[in-house]
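S.K.: Let me see the structure of the following:
(one chain, ligands or ions: 1)
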Amino acid sequence: MDYHPIKKPNVKNMKVKPNLIKRTGGKGNAVWDGIQQELSWLPGGTLNMAHECIDRHAEGAGKDRKALLWEGKEGEKETYTFGQLKEESNKFANVLKELGIKKGDRVFMFMERVPELYIAIFGALKLGAVVGPLFSAFGPDPVKDRLFDSGARILLTQPALRRRIADILPDLPELEHIIVVNKNNRDPDPFVKGDLNYDDLMKRATSELEIARTSMYDYSVMHYTSGTTGKPKGAAHCHFAVVQQYATGKWVLDFHKDDLYWCTADPGWVTGTSYGMFAPWSNGVTQLIYEGGFKASMWYELIQRYKVTVWYSAPTAIRMLMKAGEDIPARYDLSSLRHINSVGEPLNPEAIVWGLKVFNQAIHDNWWQTETGAILIANIPAMDVRPGSMGRPIPGIEAAIISDSFDKLPPGKEGNLAIRPGWPSMFRTYWKNAEMYNSRFRKGWYITGDRARMDEDGYFWFVGRTDDVINSAGHLVGPFEVESVLIEHPAVVEAGVIGKPDPIAMEVVKAFVALRDGYEPTEELRRDIMAFARKKLAAAVAPREIDFIPSLPKTRSGKIMRRLLKARELGLPEGDTSTLEED
Ligand code: PRX
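M.R.: Residues are numbered from 1 along each chain as shown. Here you go, the predicted model:
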């Protein structure tokens, strides 16, 4: 460990906007220094994301500009200006204040994409609380792990989601209040005794508020991300991240004030916050938020009806549109689209060729991670897209391909993708796991866990991951999490989980399970185990396929050899099996 990025500068007495050139390592920090001057900051050199995204527009010419155009899954429509978002988020901040929430407390949201989710996130940020939005498709187990680990004091949720996780709530000693949003009175029986009603609280709250003077190194947002082993880790970001989210909104997504932007990601994942909230709104851009899920005709209709100009989506979604055929888009006017971007998985060249045909333009791939907080490598609009490449590092970022001993490798060589630490949106800890955090920094580099190569012109090409984490439809799935749930099933004695290649989702989760004595490997049992996992986890995370095997290949120290399971599944050479346990 040779990098200590958690140190906070003393910003209390600063008269001018902080100059980070000296503080952060790596080249190009003059870039970030320049960008910092474009944000408005708060007195004393303090910085709060909610101020940058909402209040600075609401207090200026952007007051009546539309910030959010919402379309609900039942076709409902709502519009909020920056001025209205300021008022509403101020009220929610006062609600939390009344409940005793202070700077640094964790406030989590388990919500569908409704305006109240966005209002609550900015309200909590205004108090200096740390927000943690959770994917609304999760089952009880992932929600419990995240609420428990973060020690969240407040959970904002909706009636049906609350019912789904009712059993885990008694196991969360630090959770003090559950606030329930019964959106448009959709639910006939919304509240359980002891719950707080969002609408009642908001009616009583005032909209007078002074935003917390958060330092740029105060934590703001947490997203849990999966690794090969152990439970998911809470990657925590600071208010400073907004500097880079703002900059990449301009440089990569090419935001202009009159844009109508649509990000299809859910705020339960990092793209849905960094680019579904902070990047567009720090740039004062109007965005569409659609509560519903994927349906090709509906997506094209939304682009046509809202005249979407800038669109940020993911390869799986693009492949699903491809699969739905070219007749559907031909029925819609998609000419408003000016710039299309993709992230989360490799964007295959066929998808780019298809985009040229259907949208009349190239889809621009870019690369980043939960830990990086914002885009680091991109095909920016000014560059020629190289189909299959993630693009080049954005200004201010130094990326390299390094060997396993952390030395830079020349162009053309495959190796570990690494980034020089110190970029503004860098995660600043894994919650309560500083050791794991520090292990990600080696010899002056942040090690991303991805393998890639760089060509002679500095374009980066994704090769794969260095760990066993599965990327299914852009969602990272930790095999350990799935295995832990599978072995809770009474029939399962051990389980090993791998990613199986899939033409649409890139990978799907496949499990190998060994049964306890006395259980027969029947079709009915397979379905039962699958349903069990889906109920506890989420459809996106649970195994799509289960094979029964007599026992799992393990190392002599008892670790399941997922690599071997995968090689066997794909019919590939088994590689080094010298550590394999003897039967
Ligand atoms: O393996 C890379 C893949 O997704 C991982 C990050 O996932 P997550 O932390 O969930 O963040 C998703 C939002 C960016 C990376 O380590 N990945 C991301 N972008 C690309 C990609 N793989 C290939 N090409 C990309 N453009």
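
S.K.: Which residues are in contact with the residue lying closest to Pro43 once chain neighbours are set aside?
M.R.: Excluding its sequence neighbours, the residue lying closest to Pro43 (C-beta to C-beta, 6 or more residues apart in numbering) is Arg213, at 7.1 Å. (C-beta placed from N, C-alpha, C; glycine too.) Contact partners of Arg213, counting by C-beta atoms under 8 Å, 6 or more residues apart in numbering, are Leu42, Pro43, Gly44, Thr46, Asn48.

S.K.: pLDDT at Arg213, what is it?
M.R.: The model reports Arg213 with a pLDDT of 96.

S.K.: and the chain, which of its residues are near the ligand?
M.R.: 225, 269-271, 343-346, 365-370, 390, 448-450, 462, 465, 471, 476 (C-beta under 6 Å from any ligand atom).

S.K.: Can you list which of these are found in strands?
M.R.: Under the assignment DSSP state E, these contribute Thr225, Asp365, Asn366, Trp367, Thr448, Gly449, Asp450, Phe462, Arg465, Asn471, Leu476 to strands.

S.K.: The third one contacts Pro393, correct?
M.R.: No. If you go by C-beta atoms under 8 Å, Asn366 and Pro393 don't touch, sitting 10.6 Å apart.

S.K.: who touches both of the two?
M.R.: Joint contacts of Asn366 and Pro393 (C-beta under 8 Å, 6+ apart) are Ile377.

S.K.: In the stretch 401-550 of the chain, what residue comes closest to the ligand?
M.R.: Phe462 (3.8 Å; C-beta to the nearest ligand atom).

S.K.: who's in contact with that residue?
M.R.: Counted by C-beta under 8 Å, 6+ apart, Phe462 has contacts Pro346, Trp367, Met390, Asp450, Arg451, Ala452.

S.K.: same check, this time on Met530
M.R.: Ala542, Pro543, Ile546.

S.K.: On the pLDDT front, check the second one for me.
M.R.: Per-residue pLDDT puts Pro543 at 97.

S.K.: Surely it is within a helix?
M.R.: No. Counting by DSSP: H, G, I helix; E, B strand; the rest coil, Pro543 is not part of a helix but coil.

S.K.: sorry, back to before: His256: which of the ones in strands among the residues of the chain next to the ligand is nearest?
M.R.: For these, the closest approach to His256 (C-beta to C-beta) belongs to Asn366, at 18.4 Å.

S.K.: what helix or strand is Val31 on?
M.R.: According to DSSP states H and E, Val31 maps onto helix 29-36.

S.K.: How about the contacts made by the closest residue to the ligand within the stretch 1-150 of the chain?
M.R.: Nearest to the ligand, among the residues of the stretch 1-150 of the chain, is Phe135, at 10.9 Å (C-beta to the nearest ligand atom). By C-beta under 8 Å, 6+ apart, the contact set of Phe135 is Pro142, Asp266, Gly268, Trp269, Ala538, Ala540.

S.K.: Can you tell me which of these are buried?
M.R.: Those of these that meet the buried threshold are Pro142, Asp266, Gly268, Trp269, Ala538, Ala540, by 16 or more other C-beta atoms under 10 Å.

S.K.: farthest-separated two in those residues?
M.R.: Pro142 and Asp266 (13.7 Å).

S.K.: mind checking which helix or strand of the protein has the lowest mean pLDDT?
M.R.: Ranked by mean pLDDT, DSSP states H and E, the helix or strand of the chain with the weakest confidence is helix 29-36, at a mean of 87.

S.K.: Show me which residues of it are buried.
M.R.: For helix 29-36, a neighbour-count test (16+ other C-beta under 10 Å) marks Asn29, Val31, Trp32, Asp33, Ile35, Gln36 as buried.

S.K.: what's the answer for stretch 290-309, then?
M.R.: So, applying 16+ other C-beta under 10 Å, buried residues of stretch 290-309: Tyr290, Glu291, Ala296, Trp299, Tyr300, Leu302, Ile303, Gln304, Tyr306, Val308, Thr309.

S.K.: avg pLDDT for it?
M.R.: 98.

S.K.: Quick one: end-to-end length of that stretch, please.
M.R.: 15 Å (C-alpha to C-alpha, to the nearest Å).

S.K.: What count of nearby residues applies to Phe148?
M.R.: By the criterion of other C-beta atoms under 10 Å, Phe148 has 16 neighbours.

S.K.: Stretch 508-523: how far from the chain's middle?
M.R.: Relative to its chain's centre, stretch 508-523 lies at 32 Å (C-alpha atoms, centre = their mean, to the nearest Å).

S.K.: Buried residues in that stretch, which are they?
M.R.: Buried residues in stretch 508-523 (16+ other C-beta under 10 Å): Val508, Val509, Lys510, Ala511, Phe512, Val513, Ala514, Leu515.

S.K.: which residues touch the nearest residue to the fourth one once chain neighbours are set aside?
M.R.: So the one you mean is Ala511. Once flanking residues are discounted, Ala511 sits nearest to Pro543: 4.0 Å by C-beta to C-beta, 6+ apart. Applying C-beta under 8 Å, 6+ apart, one finds that Pro543 lies in contact with Val482, Leu486, Val497, Val509, Lys510, Ala511, Met530, Ala533.

S.K.: Same list as before, those residues that is, but in JSON lines and with secondary structure included.
M.R.: Output for these, formatted as JSON lines (three-state DSSP):
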{"residue": "Val482", "secondary structure": "helix"}
{"residue": "Leu486", "secondary structure": "helix"}
{"residue": "Val497", "secondary structure": "strand"}
{"residue": "Val509", "secondary structure": "strand"}
{"residue": "Lys510", "secondary structure": "strand"}
{"residue": "Ala511", "secondary structure": "strand"}
{"residue": "Met530", "secondary structure": "helix"}
{"residue": "Ala533", "secondary structure": "helix"}
